[in-house]
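Enquirer: build me a structure from this.
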Amino acid sequence: MAFTEGPLPWPVLLRFIRFVEASGDIVSDPPTATVSGDLSLSLNSWRFASQAFEVTSYHDGQHDGWCYELYEVNPTNSSDGYIDVRIPDLQPGGGPFVPVPAGQVTVTGYRSPTFPWPVVRHFLDAILASGDTGDDQERLMS
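Expert: Residues are numbered from 1 along each chain as shown. Purely as a prediction, here's the structure:
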């Protein structure tokens, strides 16, 4: 999956994913081609086939929210592109992180990254499972 420059609203991306997967145009890889990795740390190493990826998650003080980034480690195509998901905080002045509704979450590609579909899907599923994208996430995926 390729990403272009500029932010895309989270709900639009999720609806696009649902549409593409419902079309039947994506065939599942063999069971040996799975993505390994999770979001348990601030810096996580993921693998898919022979490719290595890193996923970071951190509080972004410049934008008052939480950020997840996905990028390939030593890409073969000499691209240093990445995508990030930015989740603004409803309480930027202090207190625990409270995510805004999903409609205000954005996904942005930088330097036109290209990732295998299973890696992107695993990335988005991990973020959805974190609960950080607001309370209307389940409705968006149905």
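
Enquirer: just checking, Glu72 touches Gln51?
Expert: Yes. Contact criterion Cβ atoms under 8 Å: Glu72 and Gln51 qualify, at 6.2 Å. (Glycine included, C-beta is placed from N, CA and C.)

Enquirer: higher neighbour count, those two?
Expert: Glu72 (22 against 16; other Cβ atoms under 10 Å).

Enquirer: quick one: which helix or strand includes that one?
Expert: In this assignment (DSSP states H and E), Glu72 forms part of strand 65-73.

Enquirer: where does this protein have low pLDDT?
Expert: 1-2, 4, 28-32, 75, 77-79, 134-142 (pLDDT under 70).

Enquirer: looking at the sheet around Val85, what are its partners?
Expert: Tyr68, Val107 (DSSP bridges).

Enquirer: follow-up on the earlier one: got the buried residues for the strand holding Glu72?
Expert: 65-72 (16 or more other Cβ atoms under 10 Å).

Enquirer: cool, stretch 41-59 as well?
Expert: Neighbour-count burial for stretch 41-59 [16+ other Cβ under 10 Å]: 44, 46, 48, 51, 53, 55-57.

Enquirer: what's the end-to-end length of it?
Expert: End-to-end span of stretch 41-59 (Cα to Cα, to the nearest Å): 13 Å.

Enquirer: what ranges do the strands span in this protein?
Expert: For the chain, the strands defined by DSSP state E occupy 6-9, 35-36, 43-48, 51-60, 65-73, 82-88, 106-110.

Enquirer: to Ser23, which of those strands lies closest?
Expert: With Cβ to Cβ as the criterion, Ser23 lies closest to strand 6-9 of the strands of the chain, at 19.1 Å.

Enquirer: check which residues of that closest one are buried.
Expert: Buried residues in strand 6-9, counted by 16+ other Cβ under 10 Å: Leu8.

Enquirer: let the chain start at 48 from now.
Expert: With the count now opening at 48, the last piece we talked about shows up as strand 53-56.

Enquirer: other SSEs contacting it?
Expert: strand 153-157 (3 or more Cβ pairs under 8 Å, 6 or more residues apart in numbering; DSSP states H and E).
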